[in-house]
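Q: The sequence isn't on hand, but the structure is:
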Ligand code: MF3
Ligand code: CO
């Protein structure tokens with residue numbers, strides 16, 4: 001079911017968006033060569049408690065994961081791109097890190113992800129991250145009242161295809177509200193003018209993610225959650241929660 005929010009409700013969603021944005025910024029700033037992924041999770045948990053927020057991940061047990069996630073943040077490293085379950089690993093120079101974080105504050109969810117390189121970057125990693133960021137910006141710009149979900153999908157895909165990237169549509173954007181994952185689904189590839197109508201009051205997460213040289217994902221056998229590229233190439237992911245308003249898209253997951 002698709003729910004539309006009033007302008008007053010969208011205002012109520014701002015604290016969640018702001019908290020997610022500030023937390024990602026803090027965690028990114030604290031992530032250095034040698035930082036343990038479990039410490040990133042611990043720190044995120046501490047910030048959640050201090051803010052009186054609630055994790056969307058801790059007890060989350062969807063069909064695409066094995067049991068409750070058990071952590072409050074996804075830390076996807078290098079060939080891991082989505083749903084990276086934190087584990088006892090110290091970040092190395094040149095690692096490509098994705099932090100994906102969702103909480104609810106006052107009963108409203110915000111969901112956002114960012115990718116970055118720690119230490120000395122490889123050019124191709126910076127290019128991949130830049131492509132996901134540009135795809136996110138294009139997707140957001142296409143999220144106009146009067147449009148269709150396919151406008152967002154097509155805008156994202158155009159950026160990826162211009163870089164010669166293949167797109168996997170198994171996971172994509174989604175409605176956001178009282179819970180993290182709602183309708184409509186927003187694939188990272190599609191045709192403009194098709195799909196669900198974009199109306200003022202629709203709140204969605206838009207989340208392009210791409211892999212360097214494949215569109216095939218595998219699930220980490222050890223943890224049953226972490227999604228990795230099938231060929232070992234690296235992945236990046238950018239996500240914002242936005243509201244479609246009468247005046248256009250409004251990014252909620254920013255400070
Ligand atoms: N926040 C992710 C998304 O962007 C979902 C993570 S599910 C988790 O939709 F359980 F792995 F945390
Ligand atoms: Co999401």
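A: Okay, I see it. Since the model is a prediction, treat every value here as computed from it, not as a measurement. Ligands and ions are numbered 1, 2, ... in the order given.
Q: average pLDDT for stretch 84-102?
A: In this model, stretch 84-102 has a mean pLDDT of 99.
Q: Residue numbers of the stretch 51-200 of the chain in contact with ligand 2?
A: residue 111 (Cβ under 5 Å from the ion). C-beta here means a position set from N, CA and C on the backbone, and glycine is covered the same way.
Q: Name the residue of the stretch 51-200 of the chain that lies nearest to ligand 2.
A: Closest contact between the stretch 51-200 of the chain and ligand 2, by Cβ to the ion, is at residue 111 (4.1 Å).
Q: Can you tell me how far that residue is from residue 206?
A: 10 Å (Cβ to Cβ, to the nearest Å).
Q: still on that earlier bit, I am assuming the residue of the stretch 51-200 of the chain closest to ligand 2 contacts residue 56, so please confirm or correct that.
A: Yes - the criterion here is Cβ atoms under 8 Å, and residue 111 meets it with residue 56 at 7.2 Å.
Q: Spit out the residues that contact these two alike.
A: 102, 180 (Cβ atoms under 8 Å, 6 or more residues apart in numbering).
Q: so what sits against both of residue 111 and residue 206?
A: residue 239.
Q: Tell me, how many residues neighbour the residue lying closest to residue 178 once chain neighbours are set aside?
A: Nearest non-adjacent residue to residue 178, counting by Cβ to Cβ, 6 or more residues apart in numbering: residue 107, 6.1 Å away. Neighbour count for residue 107, taken as other Cβ atoms under 10 Å: 11.
Q: Residues contacting stretch 206-216, please?
A: Residues outside stretch 206-216 that contact it (Cβ under 8 Å, 6+ apart) are 81-82, 111, 113, 124, 128, 131-132, 135-136, 139-140, 143, 152, 156, 159-160, 163, 165-168, 171-173, 186, 188, 217, 229-231, 233-240, 242.
Q: follow-up on the earlier one: higher neighbour count, residue 111 and residue 56?
A: residue 111 (28 against 22).
Q: Show me the beta-bridge partners of that one.
A: residue 102 (DSSP bridges).
Q: Tell me how far it lies from residue 92.
A: 28 Å.
Q: cool, residue 26 as well?
A: 22 Å.
Q: before we move on, what about residue 130?
A: The value you get for residue 130 to residue 92, if Cβ to Cβ is used, is 22 Å.
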